[in-house]
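In: Dropping a prediction and its sequence here:
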Amino acid sequence: MVKMRDLPDGSDARAVANRAADLVTEPQPNEPQPAEGAQPGGAAASEDRPGHPARLVFASFLMLFVELALIRWVTANNVYVTKATNFVLLASFLGIGIGFLNARARRDYLRWTPVALLLLVAFVLRFPVILQSLNGAHPFQGLNHAPSLPQPVSLSVVFLLTVGVMAGLGQGTARLFVQFRPLSAYRYDILGSLAGIAAFTGLSFLDQPPATWGCIACVGLLILIAPRIRWWQILAVAAVATLLVLESVNPAQEWSPYNKLAYHQTHGPTGALYVSANNIPYQAARSLAVMHEQKAFYFYPYRHIAKAALGNVLIIGSGTGNDAAVALSQGARHVDTVEIDPLLVRLGNRHPNHPYSSPRLTAHIDDGRAYLQDTNKHYNLILFALPDSLTALAGQSGIRLESYLLTEQSLQAVRAHLAPGGTFAMYNYYAPFLESRYASTIEDAFGRTPCAEVGPPLGGRSLAVLTVHPAGPVANCASFWHGARIGPATDDHPFPYLPGNDIPKQYLWMIAAIFAASLLLVRVGGGSFSRMRNYVDLAFMGAAFLLLETKNIVQFALLFGTTWLVNSLVFAGVLLAVYLAVETASHFRLPRPALLYAALIASLVLTWIVPQESLVGLPIVARFFAGSALAFAPVYLANLIFAQRFADVATSGDAFAANLLGAMVGGVLEYVALITGYRFLLIVIGVLYGLAFVTSRFLTKRRAGGVTGMRATAGVR
């Protein structure tokens, strides 16, 4: 459609321009016709109809709610997906994009969505992937100790079924979407997405299991399909709800905002409370007597500290309470524990020694790095106690919950919180390169070589306790670390578990497979790619915006912690900035696109000049305002550009599909950060928006020429 930004909506001049664009984009005989029940006419020529806004808001709510639920639920049941970070997110974008490409097609994906959802739920529950042991050639198992499916088979089926579910929901939303003017449709879509974020955040706060998510999704799906509900659709959603209820009523399983936690208690002289998280063996709460006998490493740091010096102790990653029980038994006068998962602390009340009930202990439910940034207390001993969350941040990023805790800047913050003569220790089962990386990081942060006490191996890893005393050599140390130096993880490159700054081969194979499958599925399920050729600039915007959103998520994770609440608030903040941009574009005359692009690039340059680590030391209020300004100003400006462009599209379904599929490409480009760090993504974002500007100008000129030619032809007739 010709861009007529100088003409107000509803003017006669705009109506003439819209009609000219409708002639240009008049469907050809072989193009898909409107689906049954869809409203005729182009999106730009449509009028908002009474009653439809609520349906579009609801459809958008349901689409985002199901996407978030699938990211949480599939990851919790399939260990392969845990390692593939944004795997489900990419499948969701692909499915929604295909759905929007079929906004007016005869083929009906929505009616089959209950079946696709049932197949996905049944497959994931019937063929889970469980990490049974760190030892042996076949560590992964399925149900009842049966071998797990091969990784390519498992991931392929999950990917295809997720695409199928989201394609149906995307089509149901798209059919409503194209009944409105583009900006009105986008406004309602954002409102629905905000509602989806709010609903899922509330359910996370209440520790609700999949049964609750599933019932909401199933009822919502029937509402979206109504009034043409078939008996087999009702049976399918009833089966989905039944399977999820059966999964959720397991008395020895609970769902926190981060993990599916399964636990069982053994009794006898060596009894313990064993906990697994997302199908991975995680923790075991043991008595002090058993730890002395089986897990003596818990006591290693106290060999180097006189009991009289144990005033305040800080334990980060306290889990079910083993470390706290040891600290109290060794004479600590007060213990502060920090644990990000509230359910683990609740399970810690079953610990044989009940450390969380001690009046000498204060439990903090928080992110470890955030606690260090916000507290003004100093400690005689600070422990990083087996911090290994196994959980990726939001299912969207390569960052795990503890990634920012294990960087060089984090250990510098630890040193700043040590009392005079204080000691720091960290322990875990480390791969060889990890032990060297953390020892090197300690050397850099504290200026001293750590004491290294190595224990028995486990699954190719070695137990190591690294202890450092900034005031001098560690007392009573039998062996100081003397391995090969490996560069530390940093706040810009927070990937301690990667041996080098590269993309692992398994990621490259996965990306290649997803790319090939996406091309095939879009062609088969969405039709000709040529339908999106007029919206290439929107695809570039989608890729850039996904990276911009990722950059904001990781930035706020550093500034305020990787908690589920911070993550949800960032998503909500992004959507609010988008909504404000849409309202601005709807009510005010915007500057020329070149000026908006210039302002956007300037905001990205400012964000580059002010690195995020410079904000960490600010007071929390100043940190919030500074971080929000740097994060959301580019989001707002980017969406002013998008809104200005999207307001004039001829076919909003195809345009939105191009934007979504571009976002999927952005999700793949996110892996560049594994090589360059997250700050470099600002350059990638700038390049993508530059490409969007160039292609937009080209497309605008081509559309203007097309309208002129059509007008001349119409005059001859």
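Out: All right, it came through fine. Numbers count the residues shown, from 1 in each chain.
In: Now do the longest strand along the chain: everything it contacts.
Out: In the chain, taking DSSP state E as the definition, the longest strand is strand 418-430. By C-beta atoms under 8 Å, 6 or more residues apart in numbering, the residues outside strand 418-430 that reach it are 134, 297, 300-301, 304-305, 309, 311-312, 378-388, 411, 414-415, 438, 442, 446, 458-459, 461-471, 474. Every C-beta, even on glycine, is put in place using the N, C-alpha and C of the backbone.
In: Okay, now the unreliable bits of the protein?
Out: Counting by pLDDT under 70, the chain contains low-confidence ranges at 1-51, 85, 134-137, 389-398, 458-460, 702-717.
In: ok, which stretches of it are strands?
Out: Counting by DSSP E, the chain forms strands over residues 130-131, 140-141, 253-255, 260-265, 272-277, 280-286, 312-316, 334-339, 361-365, 379-385, 418-430, 451-458, 461-468, given from the N-terminal end onward.
In: Adding mean neighbour count and distance to L401, write the ones you listed out as TSV.
Out: Output for the strands of the chain, formatted as TSV (neighbours: other C-beta atoms under 10 Å; distance: least, C-beta to C-beta, whole Å):
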stretch	mean neighbour count	distance to L401
strand 130-131	21	18
strand 140-141	20	22
strand 253-255	18	16
strand 260-265	18	14
strand 272-277	21	11
strand 280-286	21	13
strand 312-316	27	12
strand 334-339	24	11
strand 361-365	17	13
strand 379-385	25	13
strand 418-430	21	14
strand 451-458	17	22
strand 461-468	22	19
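In: so F680 touches V672, yeah?
Out: Yes - in terms of C-beta atoms under 8 Å, F680 counts as a neighbour of V672; the distance is 7.1 Å.
In: Quick check: A692 vs K551, distance?
Out: Spatial separation of A692 from K551 under the definition C-beta to C-beta, to the nearest Å is 17 Å.
In: what pairs with the longest strand of the chain, and is each one parallel or antiparallel?
Out: Strand 418-430 sits in its sheet next to strand 379-385 (parallel), strand 461-468 (antiparallel), going by DSSP bridges.
In: surely P634 meets W608?
Out: No - if you go by C-beta under 8 Å, P634 and W608 don't touch, sitting 10.8 Å apart.
In: which one of these two has more residues nearby?
Out: With neighbours defined as other C-beta atoms under 10 Å, P634 and W608 compare such that P634 has more, 27 against 14.
In: Chain neighbours aside, what residue packs nearest to the more buried one?
Out: In space, P634 comes closest to S603 once its chain neighbours are excluded; the distance is 4.5 Å by C-beta to C-beta, 6 or more residues apart in numbering.
In: Who are the contact partners of that neighbour?
Out: When contacts are counted by C-beta under 8 Å, 6+ apart, S603 touches A633, P634, L637.
In: Pull up the gap between G472 and H482, please.
Out: For G472, the distance to H482 equals 18 Å [C-beta to C-beta].
In: Tell me, how many residues neighbour H304?
Out: Around H304 sit 20 other residues, with neighbours defined as other C-beta under 10 Å.
In: Then the one 5 residues further on?
Out: As a burial measure, the neighbour count of A309 was computed by other C-beta under 10 Å and equals 13.
In: picking up where we left off before, okay if I get the strands paired with strand 418-430 as JSON lines plus distance to Y507?
Out: Below are the strands paired with strand 418-430 laid out as JSON lines (distance: least, C-beta to C-beta, whole Å):
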{"stretch": "strand 379-385", "distance to Y507": "27"}
{"stretch": "strand 461-468", "distance to Y507": "21"}
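In: any chance of the strands of the chain in CSV, with distance to R400 too?
Out: Converted to CSV, the strands of the chain look like this (distance: least, C-beta to C-beta, whole Å):
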stretch, distance to R400
strand 130-131, 15
strand 140-141, 20
strand 253-255, 19
strand 260-265, 16
strand 272-277, 12
strand 280-286, 13
strand 312-316, 14
strand 334-339, 15
strand 361-365, 18
strand 379-385, 14
strand 418-430, 13
strand 451-458, 20
strand 461-468, 17
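In: So for G164, which of the ones you listed sits nearest?
Out: strand 260-265 (23.8 Å; C-beta to C-beta).
In: what lines up beside the closest one in the sheet?
Out: The strands that strand 260-265 pairs with in its sheet are strand 253-255 (antiparallel), strand 272-277 (antiparallel) (by DSSP bridges).
In: Now for the nearest residue to L273 once chain neighbours are set aside: which residues touch it?
Out: Nearest residue to L273, sequence neighbours excluded (C-beta to C-beta, 6+ apart): A285, at 4.1 Å. With C-beta under 8 Å, 6+ apart as the criterion, the residues that contact A285 are A272, L273, V275, T320, G321, N322, L347, G348, R350, H351, P352.
In: L466 too?
Out: When the contact criterion is C-beta under 8 Å, 6+ apart, the partners of L466 are A425, M426, Y427, E435, Y438, A439, I442, P450, C451, A452, W481.
In: what's the nearest residue to it if we skip its chain neighbours?
Out: With C-beta to C-beta, 6+ apart as the measure, P450 is the residue that lies nearest to L466, at 4.4 Å, once sequence neighbours are left out.
In: That neighbour and E443 touch, don't they?
Out: Yes - when contacts are counted by C-beta under 8 Å, P450 is listed as touching E443 (7.2 Å).
In: of these two, who's got more company?
Out: Neighbour count, other C-beta under 10 Å: between P450 and E443, P450 has more, with 25 against 17.
In: Can you report phi and psi for the more buried one?
Out: Torsion angles at P450 (phi, psi; degrees, to the nearest 10) stand at phi -80, psi 150.
In: how close does it sit to G617?
Out: Using C-beta to C-beta, we find P450 at a distance of 25 Å from G617.
In: Repeat that for G573.
Out: The spacing between G573 and G617, counted by C-beta to C-beta, is 22 Å.
In: So for those two, which residue has more residues nearby?
Out: For G573 versus G617, the count of surrounding residues by other C-beta under 10 Å is larger for G573: 17 against 11.
In: Tell me who's in contact with the more buried one.
Out: G573 makes contact with N552, S628, A631, F632 under the criterion C-beta under 8 Å, 6+ apart.
In: go again using 6 Å as the cut-off
Out: Residues touching G573, when contacts are defined by C-beta atoms under 6 Å, 6 or more residues apart in numbering, are absent altogether.
In: Tell me which stretches of the stretch 551-700 of the chain form helices.
Out: For the stretch 551-700 of the chain, applying DSSP state H, counting those that start in this stretch gives helices covering 564-587, 593-609, 620-646, 652-669, 673-676, 681-716.
In: Please save the CA atoms from the fourth one in PDB.
Out: Presented in PDB, the C-alpha positions along helix 652-669 are these (Å, rounded to 0.1, in the frame of the first residue of the first chain):
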ATOM      1  CA  SER A 652      -2.000  -7.600   7.200                       C
ATOM      2  CA  GLY A 653      -1.900 -11.400   7.600                       C
ATOM      3  CA  ASP A 654       1.000 -11.800   5.200                       C
ATOM      4  CA  ALA A 655       2.800  -8.800   6.600                       C
ATOM      5  CA  PHE A 656       2.500 -10.000  10.200                       C
ATOM      6  CA  ALA A 657       3.600 -13.500   9.000                       C
ATOM      7  CA  ALA A 658       6.800 -12.000   7.400                       C
ATOM      8  CA  ASN A 659       7.500 -10.200  10.700                       C
ATOM      9  CA  LEU A 660       7.100 -13.400  12.800                       C
ATOM     10  CA  LEU A 661       9.200 -15.500  10.500                       C
ATOM     11  CA  GLY A 662      11.800 -12.800  10.600                       C
ATOM     12  CA  ALA A 663      11.700 -13.000  14.400                       C
ATOM     13  CA  MET A 664      12.400 -16.700  14.000                       C
ATOM     14  CA  VAL A 665      15.600 -15.800  12.100                       C
ATOM     15  CA  GLY A 666      16.400 -13.400  14.900                       C
ATOM     16  CA  GLY A 667      16.100 -16.300  17.300                       C
ATOM     17  CA  VAL A 668      18.800 -18.200  15.300                       C
ATOM     18  CA  LEU A 669      21.000 -15.100  15.100                       C
END
